[in-house]
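[1] Everything below, folded, please.
(2 chains)
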Amino acid sequence: MEDKDDYKFLKIRDAIASINQRLSIIGVILEFGLPRKTKCSDCSCTLKIIDESHQKPGISVNVFTENMDKLPHIASTGDIILLSHVMIKTHNGEVCVVYNKKFSSFALYKGKHGEDFLPYQISPRFCLREQDKKFIAGLRKWMLEFKLDEGSSNFFMLREIKEGVRVNLACKLLHIWEIAQDEWMAFVWDGTDTPPTSICTKLEDEMYNQLPLHLEPLPLSRDILRTFPVVGTILRVIIDHSIQKHILHLLKADTWVKLLNVLCEVNGGLWYGVLTPFTKLRYMSNEDHLLKDCQRIYDARLSLTLGRMPYWSFPRPSLITEVCDEHTVFGTLIDVLTNSKVTNIFNCVVRVVAAFPWRAEDFCSPLGMYRMRLTLEDPTARIHAFVYADDGEKFFDGYPSVDILTRKRNKLLGVAVSNDGKEIKNAHRNPPWMQCCLKSYRIVRNDIWGSRCYRIYGTKLLG
DNA sequence: TTGGGG
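    Model (predicted):
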């Protein structure tokens, strides 16, 4: 008799009407969170499942087991879970499924592309049965046609993120990298530009504690950078230590994901995300309209003359510079970094986030020649660019007095000044978007890529 | 029982 009861797989719609009953259901995993310890020293994880009868928003399943090993180790959203002897309960008026460690059991199967009916994980009490196959096959068939229609309102594009806020992102995972021992970072992208941040370091910090060019301790290799899109921010996402072993295997480069509850932060004026124990993964198909929107934005930007200008500099960069060469095509800083020619010229719209030396009286060497380093950024990257000799003379319009040079510097770096032109102490900097010409060159003949540098040329700072 | 959201 017991066996027969197990075959009363209820559709989710019918299960919802069976409060306080013990039953079996099978569904597709739409979303799942990371495993955690409960306050009763059990372990738990929550997932959301759907089937043909209940496609949104999905029913929550709370799984409790004695240890982490016994929880379902889901390989991917879109996989199928079969749950036996689970309870239907209500919580705050919402119906959910509770998996009890004493009498429930489960089996996990690959999703719509699964080719066999062998579960990749089963719980101790689970009995494999021939009849399960037709339910799994049915769900797989339904999934092939299924289009998740959830709207975009719950998702933020990278251009909408805010500091200290947790957001849901639909993005492409470009790269996963162990940036230091046991420290992992994901590089994600959606084709849009993160907003410019204000820079809160002091100008003089550039001496001993310079503004970082990137958040990873070592720069990405040129080979990896070259695989990245040339428009849109590549957001660095830190993977919290405590969740590494539960999430790393779920993040695959070159796939799209929906990441729920990603914390957005800024460090050194650079945006980054954090995957925390509260982060969840959600199913995303290749037909998802959010994915199509990202692709459309990217294709449109690539096809436009001004598509490589930062979104935040529209309709035009501030008119603080004049460039000699209006005709060189616009490039983003990742274009500059990954261009196949060591020596080349570029037209860029950037912000100057730091300068070294920072005092106007030190911009020239004791022999009277300009030699300084600017830190340039756009939504795709940061680079150091030198202002050197004749190019400096052009940039600063000759050799003006220290006062005038300081005023020019403040304008260039967005230093806050009071009405009398004095710098306001401890104020953040908001550098304006500036158009400039850049050239790349190498300084060591037998290390052309390793010694590649950048210089501003043909650009005049106005006023 | 626990958690469910953050």
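[2] alpha carbons only for contacts and neighbour counts from here, please
    Fine.
[3] How is chain A partitioned into domains?
    A:2-145, A:158-303, A:311-461 (automatic domain parsing).
[4] I'd like these written out as JSON lines, with mean pLDDT added.
    As requested, the domains of chain A are exported to JSON lines (pLDDT from 0 to 100):
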{"stretch": "domain A:2-145", "mean pLDDT": "92"}
{"stretch": "domain A:158-303", "mean pLDDT": "95"}
{"stretch": "domain A:311-461", "mean pLDDT": "95"}
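[5] Dump these to TSV, plus mean neighbour count and distance to residue A:151.
    Converted to TSV, those look like this (neighbours: other C-alpha atoms under 10 Å; distance: least, C-alpha to C-alpha, whole Å):
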stretch	mean neighbour count	distance to residue A:151
domain A:2-145	18	12
domain A:158-303	18	8
domain A:311-461	18	24
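[6] Serialize the ones you listed to TSV and add fields for distance to DNA strand B.
    What follows is the domains of chain A, written out as TSV (distance: least, C-alpha to the nearest atom of the strand, whole Å):
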stretch	distance to DNA strand B
domain A:2-145	4
domain A:158-303	4
domain A:311-461	27
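[7] To residue A:152, which of those domains lies closest?
    domain A:158-303 (6.8 Å; C-alpha to C-alpha).
[8] From one end of that closest one to the other, what's the distance?
    21 Å (C-alpha to C-alpha, to the nearest Å).
[9] Same check on stretch A:259-273?
    11 Å.
[10] And stretch A:14-24, by the same measure?
    End-to-end span of stretch A:14-24 (C-alpha to C-alpha): 11 Å.
[11] got a markdown table for the domains of chain A, with distance to residue A:152 too?
    A markdown table is the format used below for the domains of chain A (distance: least, C-alpha to C-alpha, whole Å):
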| stretch | distance to residue A:152 |
| --- | --- |
| domain A:2-145 | 14 |
| domain A:158-303 | 7 |
| domain A:311-461 | 20 |
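[12] next helix or strand past the lengthiest strand in chain A?
    When chain A is scanned for its longest strand (criterion: DSSP state E), the result is strand A:166-180. For strand A:166-180, the following helix or strand on the C-terminal side (DSSP states H and E) is strand A:183-189.
[13] Could you name the helices and strands sitting against that next one?
    Here strand A:183-189 touches strand A:166-180, strand A:234-239, going by 3 or more C-alpha pairs under 8 Å, 6 or more residues apart in numbering; DSSP states H and E.
[14] what does the longest strand of chain A contact?
    Here strand A:166-180 makes contact (C-alpha atoms under 8 Å, 6 or more residues apart in numbering) with A:154-158, A:161, A:184-190, A:216-218, A:228, A:251-264, A:290-291.
[15] Show me those that map onto strands.
    A:184-189, A:255-264.
[16] Closest one to residue A:461 out of the residues you listed, please.
    residue A:189 (33.0 Å).
[17] Switch the helices and strands packed on strand A:183-189 over to JSON lines; also include distance to residue A:100.
    Formatted as JSON lines, the helices and strands packed on strand A:183-189 follow (distance: least, C-alpha to C-alpha, whole Å):
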{"stretch": "strand A:166-180", "distance to residue A:100": "30"}
{"stretch": "strand A:234-239", "distance to residue A:100": "30"}
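[18] Can you say which of those strands is nearest to residue A:407?
    strand A:234-239 (33.5 Å).
[19] Show me what the next helix or strand after the closest one is packed up against.
    Counting by DSSP H and E, the next helix or strand C-terminal to strand A:234-239 is helix A:244-247. On a contact count with 3+ C-alpha pairs under 8 Å, 6+ apart, helix A:244-247 meets no helix or strand.
[20] Touching helix A:244-247 from outside, list them.
    By C-alpha under 8 Å, 6+ apart, helix A:244-247 touches A:34, A:35, A:184.
[21] Show me what the last one is bridged to.
    It refers to residue A:184. Counting by DSSP bridges, residue A:184 is bridged to residue A:178.
[22] Excluding sequence neighbours, find me the nearest residue to residue A:265.
    Using C-alpha to C-alpha, 6 or more residues apart in numbering and skipping the chain neighbours, the partner closest in space to residue A:265 is residue A:163 (5.0 Å).
[23] List the residues that contact the one you found.
    A:264, A:265, A:266.
[24] State the distance from the second one to residue A:162.
    Just to be clear, that refers to residue A:265. As defined by C-alpha to C-alpha, residue A:265 lies at a distance of 8 Å from residue A:162.
[25] ditto for the first one
    Distance of residue A:264 to residue A:162, given as C-alpha to C-alpha: 7 Å.
[26] If we ignore the residues flanking it in sequence, what's nearest residue A:205?
    Counting by C-alpha to C-alpha, 6+ apart, the residue nearest residue A:205 is residue A:211, at 7.9 Å.
[27] shouldn't the one you found be in contact with residue A:356?
    No: Residue A:211 is beyond contact range of residue A:356, at 10.6 Å (criterion: C-alpha atoms under 8 Å).
[28] For residue A:290, give me its contacts.
    A:152, A:170.
[29] Helices along the stretch 51-200 of chain A, start to end?
    For the stretch 51-200 of chain A, helices defined by DSSP state H, counting those that start in this stretch occupy the ranges A:132-145.
[30] my guess is residue A:319 meets residue A:412, correct?
    No: using C-alpha under 8 Å, residue A:319 is not in contact with residue A:412, being 11.0 Å away.
[31] So in terms of bridging, what pairs with the residue nearest to residue A:166 when sequence neighbours are not counted?
    Using C-alpha to C-alpha, 6+ apart and skipping residues adjacent in sequence, the residue nearest residue A:166 is residue A:263, 4.2 Å away. Note on residue A:263: beta-bridge partners by DSSP bridges are residue A:166, residue A:274.
[32] and the gap between residue A:263 and residue A:136?
    36 Å.
[33] Same check on residue A:33?
    23 Å.
[34] do residue A:283 as well
    Taking C-alpha to C-alpha, one finds residue A:283 at 18 Å from residue A:136.
[35] distance between the ends of stretch A:37-49?
    Calculated as C-alpha to C-alpha, the first-to-last residue distance of stretch A:37-49 is 22 Å.
[36] ditto for stretch A:258-277
    16 Å.
[37] Contacts for that stretch next, please.
    By C-alpha under 8 Å, 6+ apart, stretch A:258-277 touches A:34, A:36, A:161-171, A:194, A:197-201, A:211-212, A:214-215, A:235-240, A:242-243, A:278-284.
[38] if we can go back for a sec, pull the longest strand of chain A out as CSV, backbone CA atoms only.
    What follows is strand A:166-180, C-alpha atoms only, in CSV (Å, rounded to 0.1, in the frame of the first residue of the first chain):
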residue,chain,number,x,y,z
ARG,A,166,21.6,44.1,-2.4
VAL,A,167,20.4,43.5,-5.9
ASN,A,168,19.4,40.8,-8.3
LEU,A,169,21.5,40.6,-11.4
ALA,A,170,21.0,38.8,-14.7
CYS,A,171,24.5,38.6,-16.2
LYS,A,172,27.0,36.7,-18.1
LEU,A,173,29.8,35.0,-16.1
LEU,A,174,32.9,35.8,-18.1
HIS,A,175,35.6,34.3,-15.9
ILE,A,176,36.1,32.7,-12.5
TRP,A,177,39.6,33.1,-11.0
GLU,A,178,41.4,32.2,-7.8
ILE,A,179,42.9,35.7,-7.2
ALA,A,180,44.9,34.6,-4.2
